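Participant: show me the folded form of this:
(one chain, ligands or ions: 1)
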Amino acid sequence: MAGLDRVVVVGASAAGVTTVETLRREGYTGALTLVGDENALPYDRPPLSKQVLAGTWEPARTLLRPGSAYAEQDITLKLGHAATGLDLAGRRVTLSNGEEIGYDGLVIATGTRPRRLPFGHHLAGVHVLRTVGDALALRDGLLRATSVVVVGAGFLGTEAAAAARTLGLDVTLVDPLPLPLAHVFGDEVAKTIADLHTERGVRLLTGTGVTGLHGDGAVTAVELTDGTLLAADVVLVAIGAEPVTDWLAGSGLPLDDGVLCDATCQAAEGVYAAGDVARWFNPRFGALMRVEHRMNATEQGMAAARTLLGARTPFAPVPYFWTDQFDAKIQAYGVFPAGADVVVAHGSPADRRFVAHCSVRGRVVGVLGWNAAKQVRQDRLLITPV
Ligand SMILES: Cc1cc2nc3c(=O)[nH]c(=O)nc-3n(C[C@H](O)[C@H](O)[C@H](O)COP(=O)(O)OP(=O)(O)OC[C@H]3O[C@@H](n4cnc5c(N)ncnc54)[C@H](O)[C@@H]3O)c2cc1C
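Facilitator: You can find the predicted model right below:
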């Protein structure tokens with residue numbers, strides 16, 4: 001570790017926290033700074049659309065570590081300040097308060113931010129969901145709402161619709177696709193997700209887009225492609241996320257739908273990336289990937305830290321994801337390329353307990369379990385490397 005005395009990690013969440021802790025665990029003893037733009041101790045996001053929205057967890061329960069853990073590991077926390085620029089040649093990061101921090105090694109873990117509609121976000125009652133503040137504002141809105149429209153039936157939208165419906169609200173879920181998540185998991189799984197929601201009383205409007213949000217100060221209605229107006233006093237816009245790389249523009253770092261990295265999570269000399277923001281070459285699947293899943297943030301944080309310390313091991317995980325909606329726990333390993341065959345291999349969707357396999361040219365590349373944790377863990381071993 002000669003010449004490695006100052007490490008800076010930008011982004012104080014799942015990937016950033018894992019990175020700094022792995023560095024210490026693997027024996028790095030130099031200066032270690034974790035920079036985060038949120039004015040809060042690092043916390044976990046998956047509970048925000050589940051337990052925090054449902055009101056079963058206080059936000060404090062989402063903290064990744066108690067506040068004392070950072071000082072105990074000699075990690076300097078700089079919270080409430082965004083990194084605003086990177087000088088690659090001079091090895092310096094600039095912060096929003098004007099401070100410059102020099103580094104020998106830099107890990108970028110700035111994650112993603114929600115995409116927004118090109119209209120309507122100035123209206124009260126229109127929400128996105130990424131931060132603990134977003135979750136509390138949305139919960140507060142739900143507690144006073146009667147009609148909720150969720151725009152986007154991806155993972156986040158379906159989870160939030162389930163949470164709002166469980167609170168007893170009138171919920172409409174709108175998506176331009178014919179079935180929720182059909183582009184990810186194929187029609188049969190998507191149909192089961194659609195059935196789950198409609199059986200529980202969510203009004204599912206698929207095959208239609210949103211063209212406007214109406215209201216005077218506060219939202220009152222959502223306009224659909226065909227001109228229909230849906231009454232709404234809360235609207236959640238859940239139309240995906242984009243990697244946070246604007247602060248790196250012009251730095252010379254390769255950026256293309258994320259920070260582009262090699263198979264070891266290295267982006268440039270002394271610079272690495274991890275978590276939702278990193279797009280790296282996964283040699284197991286022979287493809288560039290950017291994975292917006294919680295498990296990947298941990299695994300890639302570990303991998304980036306080890307590369308920084310001199311290891312040259314490729315990061316070649318089988319991606320893992322889970323989502324909880326009503327009484328369904330859906331878990332998926334591997335990849336689900338567009339157009340691949342997805343067939344039910346165990347159980348049946350009608351019984352709401354099954355495992356489906358996703359195959360490309362006869363090789364299993366992904367497995368999905370629906371309330372079938374044991375079987376899906378076994379079947380993940382069928383995923384064949386390229
Ligand atoms: C509501 C919600 C529910 C989810 N549920 C699931 C789930 O059920 N299962 C699952 O697998 N995954 C889930 N995810 C995804 C999972 O939470 C993410 O994959 C994970 O948070 C990624 O961690 P990260 O550290 O890479 O990025 P992030 O969690 O996005 O953290 C990045 C951090 O960097 C900060 N930052 C950004 N720019 C700067 C800057 N310039 N300077 C300083 N700091 C900066 C951000 O504010 C943020 O704190 C969910 C996500 C959300 C939002």
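Participant: ok, which stretches of the stretch 251-386 of the chain are strands?
Facilitator: With DSSP state E, counting those that start in this stretch as the criterion, the stretch 251-386 of the chain has strands at 259-261, 266-268, 271-273, 278-282, 287-289, 320-325, 328-334, 341-348, 353-360, 363-370.
Participant: so how far is the fourth one off the chain centroid?
Facilitator: It stands for strand 278-282. 15 Å (CA atoms, centre = their mean, to the nearest Å).
Participant: Provide the strand pairings for that strand, with the direction of each partner.
Facilitator: strand 259-261 (parallel), strand 287-289 (antiparallel) (DSSP bridges).
Participant: quick one: which of these is nearest the ligand?
Facilitator: Nearest of those to the ligand, taken as CB to the nearest ligand atom: strand 259-261 at 11.0 Å. All C-beta atoms are positioned from the backbone trio N, CA, C, and that covers glycine.
Participant: how far away is residue 118 from the ligand?
Facilitator: 21 Å (CB to the nearest ligand atom, to the nearest Å).
Participant: cool, and residue 207?
Facilitator: Relative to the ligand, and taking CB to the nearest ligand atom, residue 207 is found at 26 Å.
Participant: ok and the residue in the stretch 201-350 of the chain nearest the ligand?
Facilitator: residue 275 (2.1 Å).
Participant: so for that residue, what's the pLDDT?
Facilitator: pLDDT, residue 275: 98.
Participant: can you pull the contacts of the nearest residue to it once chain neighbours are set aside?
Facilitator: Residue nearest to residue 275 in three dimensions, not counting chain neighbours: residue 15, with 2.8 Å by CB to CB, 6 or more residues apart in numbering. For residue 15, the contact set (CB atoms under 8 Å, 6 or more residues apart in numbering) comprises 109, 111, 274-278, 297-298, 300-301, 304.
Participant: would you confirm that residue 94 contacts residue 82?
Facilitator: No. Counting by CB atoms under 8 Å, no contact exists between residue 94 and residue 82, whose distance comes to 9.7 Å.
Participant: would you mind listing what in this structure touches the ligand?
Facilitator: The interface of the chain toward the ligand, taken as CB under 6 Å from any ligand atom, is made up of 10-16, 35-38, 45-46, 48-49, 82-83, 109-112, 129-130, 156, 244, 247, 275-276, 292-295, 297, 321-323.
Participant: picking up where we left off before, overlap of the contact sets of residue 94 and residue 82?
Facilitator: Common neighbours of residue 94 and residue 82 (CB under 8 Å, 6+ apart) do not exist.
Participant: just say helix, strand or coil for the closest residue to residue 224 other than its chain neighbours.
Facilitator: Among residues not flanking residue 224 along the chain, residue 208 sits closest, at 5.0 Å (CB to CB, 6+ apart). In three-state terms, and counting by DSSP: H, G, I helix; E, B strand; the rest coil, residue 208 is coil.
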